[in-house]
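Visitor: just a sequence and a predicted model for now, questions to come.
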Amino acid sequence: MSARCLIILGMHRSGTSAAAGVMNLLGVDFGRRLMQAKPDNPVGFWEHTVIAEIHEHVLRELRSSWHSILDLPPKWETSPDLPRFEDRLIQVINEDFRRSAFWGVKDPRMCRLLPLWEKLYPRLGFAVQPYYLHMVRDPYEVVSSLCVRNGHWPDKFLALWLTYVLEAERATRGAPRVFLTFDELLRNPNAAVLKIKETLRVEFPNASPDTGERVGSFLRPRLKRQSRSAASSLAATLNTGLAEEVYRACLESHDGIDDRFQSVIHTANAEIEEQKRSFWARSLESEVKSQRAMLADWRYTRTGYLVNLAGSVYAKIRKPK
């Protein structure tokens, strides 16, 4: 019998940690070598430290990073530079999950790196059936949260949200998957767990009559720090139409196979490059303004320095002996 593997996907700040924590309560094994909780993520990240580190190395090898909106190279997963990372991932999975009937991995970077994982499954030392949980959060809230944590780059973060969501959707077509919003998880955890269970057709090892109570106590309201109303100030500066269409499609779909969902995703894939061009245009404009300001400041500082220097020299020359 194949082991089951739940891959939790989603853009950074989209509730993937909360979802992983809930799945762990229900018996999904995320391993022992997990990242420690931090003030900006009090329930813990539920990310395997070694796997996340390998993912980071893979992105660097591809001249990319978690926050890059540039496309990865064509057929990047076949690069001759990647087998050593594949071997290391296989080693970690066999060490930590070989004896687990239902294990999971959560790392937002996997939205972009799933083609690499598709190559791993047949090479593991045991049979595994992967399932995919897509966590999706209102793009306004994600952008606002990232601006607080990583600096004010709203255009870039909006393009990044689309990049993560669209690439993860494309990589999981035809596989067992479910789309769940962060709001759904927080508003009605019982219904959210039922949606996951019924859509993926899985049973959780630790499900019990008190599951709702345990999950509810874990998902405290303060987990969600950025709301649509709090992020509304971004509306005046961002063109979020495309991202909002994708978000609504995910909200209305369970597994992403209905016609409306596919239509929205098809349009988004065709238009995302325009979103990226918008970011680069704004970024270039901002950089030009910044350089001009620096040049003006340098000129002012240099002029002031020369005036002071001349005054000092003059004072020394005029000083009576």
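Guide: Looks like it came in fine.

Visitor: ok, S68 - contacts?
Guide: L59 (CB atoms under 8 Å, 6 or more residues apart in numbering). For every residue, glycine as well, the C-beta is placed using N, CA and C.

Visitor: again, but for S208
Guide: If you count contacts by CB under 8 Å, 6+ apart, then S208 has nothing around it.

Visitor: could you check the pLDDT of it?
Guide: With respect to pLDDT, S208 scores 80.

Visitor: next: Y300.
Guide: 53.

Visitor: please apply the same query to the one 10 residues further on.
Guide: A310 is assigned a predicted lDDT (pLDDT) of 59.

Visitor: likewise E95?
Guide: Value for E95, per-residue pLDDT: 95.

Visitor: what helices and strands are in contact with the helix or strand hosting it?
Guide: Assessed by DSSP states H and E, E95 sits inside helix 83-97. Contacting helix 83-97 under the criterion 3 or more CB pairs under 8 Å, 6 or more residues apart in numbering; DSSP states H and E are the following elements: helix 49-61, helix 110-120.

Visitor: run the chain-centre distance for stretch 146-154.
Guide: 13 Å (CA atoms, centre = their mean, to the nearest Å).

Visitor: buried ones in it, by neighbour count?
Guide: L146, C147, W153, P154 (16 or more other CB atoms under 10 Å).

Visitor: in the stretch 201-321 of the chain, which spans are helices?
Guide: 211-218, 241-252, 259-318 (DSSP state H, counting those that start in this stretch).

Visitor: what comes up buried for stretch 2-16?
Guide: For stretch 2-16, using 16+ other CB under 10 Å, the buried residues are 3-16.

Visitor: restricted to helices, list those.
Guide: T16 (DSSP state H).

Visitor: just flag the most distant two among the buried residues of stretch 2-16.
Guide: A3 and R13 (30.0 Å; CB to CB).

Visitor: quick revisit: could you list which of the buried residues of stretch 146-154 belong to helices?
Guide: Those of the buried residues of stretch 146-154 lying in helices (DSSP H): L146, C147, P154.

Visitor: for M135, give me its contacts.
Guide: I8, L9, G10, S14, G15, T16, A19, L180, T181, F182, L185.
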